[in-house]
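**Student:** Need a 3D model of the sequence below.
(chains A and B)
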Amino acid sequence: DQQVKQNSPSLSVQEGRISILNCDYTNSMFDYFLWYKKYPAEGPTFLISISSIKDKNEDGRFTVFLNKSAKHLSLHIVPSQPGDSAVYFCAASAGTYKYIFGTGTRLKVLA
Amino acid sequence: DAGITQSPRHKVTETGTPVTLRCHQTENHRYMYWYRQDPGHGLRLIHYSYGVKDTDKGEVSDGYSVSRSKTEDFLLTLESATSSQTSVYFCAISGGRQNTEAFFGQGTRLTVV
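**Tutor:** Numbers count the residues shown, from 1 in each chain, chains lettered A, B, ... in the order given. Below is the predicted model of the structure:
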C-alpha cells in the first residue's frame, strides 16, 4: 500500500521554464512533508519542507504547495536550471519520526 | 554536510551469506534509519531506531535485522542474503524534533549473486 505516490516517473522541462512536480498521499495523519533531490551515486539531500498548518512554503527558486483537502502537494522550481536535473522524492511523516517516501520523479532540464 | 558515514560503500556477496552494513554518525542525533532504493519503488524504510537499543520495523523489514548499541552506530544485517536484497542502501539520521528533516548518507551498493 503506497501511502505516498508520485505518479510521474519523469519530466522534461526547458531551461528557464517552470518545473512542477506532484505528489499525492493517502494517510490523513501525515503532518509534515518534505522534498529531497538526489543525484546519481549520491545520497538524497533535503530541499524544502512544509508543515500541515501551512499551504505554501518558499525558498528561493523552490516553492512547495500543500492542498490538504486533496491530499496533494507540489514542488515548483522557477526558473529551472540544468543543474536541477535529478530525481526528486517527496516524503511525509506523521509525527512518529518515520519518513515515508514516494517513488520519485526524474527531472531533466533541457538547455 | 551531516556527519554520516556508511561502510562499505560497495559490496558483492553470495546468496546465503550474512552481510552487515554499518552507519556511523557524528551528529549525536537520536533517530537513525535504514532505507533501500530500488527502481520503481523509490526509498523504502527497512528499520529505524529512536535510541540506543530501541528499534522498530519499517515497510520492508523481512529478512533484515538491526542493532544500535551506541548512539553513533546503527548496523543493518542481512542474515542470509538473497538476490532480492540487491539494492542501494541508505542510512539517514534526524534529531527527532517535531517537523525536522532527515539527513542521508552516501549509500551502500550491495549486489547479491
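**Student:** can you pull the pLDDT of residue 95?
**Tutor:** Let's take chain A. In this model, A:Gly95 is scored at 72, pLDDT.
**Student:** ah, I was thinking of chain B
**Tutor:** 84.
**Student:** separation between it and chain A?
**Tutor:** Distance, B:Gly95 to chain A, by C-beta to the nearest C-beta, to the nearest Å: 9 Å. The way it works is simple: take the backbone N, C-alpha and C, and place the C-beta from them, glycine included.
**Student:** How about B:Gln37?
**Tutor:** On the measure of C-beta to the nearest C-beta, B:Gln37 and chain A end up 8 Å apart.
**Student:** For that residue, list each beta-bridge partner.
**Tutor:** Note on B:Gln37: beta-bridge partners B:Leu43, B:Val88, judged by DSSP bridges.
**Student:** and chain A, which residues reach chain B?
**Tutor:** Within reach of chain B by C-beta under 8 Å from any C-beta of the partner chain, chain A has these residues: A:6, A:31-32, A:34, A:36, A:41-46, A:49, A:51, A:89, A:91, A:95, A:97-104.
**Student:** one more time with 6 Å
**Tutor:** A:32, A:34, A:43-44, A:46, A:49, A:51, A:97, A:99, A:101-104 (C-beta under 6 Å from any C-beta of the partner chain).
**Student:** Between those residues, identify the one with the most neighbours.
**Tutor:** Most neighbours among the residues of chain A next to chain B, by other C-beta atoms under 10 Å in any protein chain shown: A:Pro44, with 28 neighbours.
**Student:** I'd assumed A:Ala86 was in contact with it.
**Tutor:** No: counting by C-beta atoms under 6 Å, A:Pro44 stays clear of A:Ala86, with 9.5 Å between them.
**Student:** burial measure for residue 65, as a count.
**Tutor:** Picked chain A for this. Applying other C-beta under 10 Å, we find 17 residues neighbouring A:Phe65.
**Student:** Sorry, I should have been clearer: chain B.
**Tutor:** Around B:Ser65 there are 14 residues (other C-beta under 10 Å).
**Student:** quick one: strands adjacent to the helix or strand hosting it?
**Tutor:** Using DSSP states H and E, B:Ser65 maps to strand B:64-70. Strand B:64-70 sits in its sheet next to strand B:73-78 (antiparallel), going by DSSP bridges.
**Student:** Just the C-alphas of the strand it pairs with, formatted as CSV.
**Tutor:** Output in CSV follows, covering the C-alpha atoms of strand B:73-78 (Å, rounded to 0.1, in the frame of the first residue of the first chain):
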residue,chain,number,x,y,z
ASP,B,73,26.3,3.4,15.2
PHE,B,74,23.4,1.7,13.5
LEU,B,75,24.0,-1.7,11.9
LEU,B,76,21.9,-3.4,9.3
THR,B,77,22.3,-7.2,9.0
LEU,B,78,21.1,-9.5,6.3
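**Student:** which residues in the chain form strands?
**Tutor:** Assuming you mean chain A. Applying DSSP state E to chain A gives strands spanning A:4-5, A:10-14, A:19-25, A:32-38, A:45-51, A:56-59, A:62-67, A:72-77, A:86-93, A:100-101, A:105-110.
**Student:** wrong one, I was asking about chain B
**Tutor:** B:4-7, B:10-13, B:19-25, B:31-38, B:42-51, B:54-57, B:64-70, B:73-78, B:87-94, B:103-104, B:108-112.
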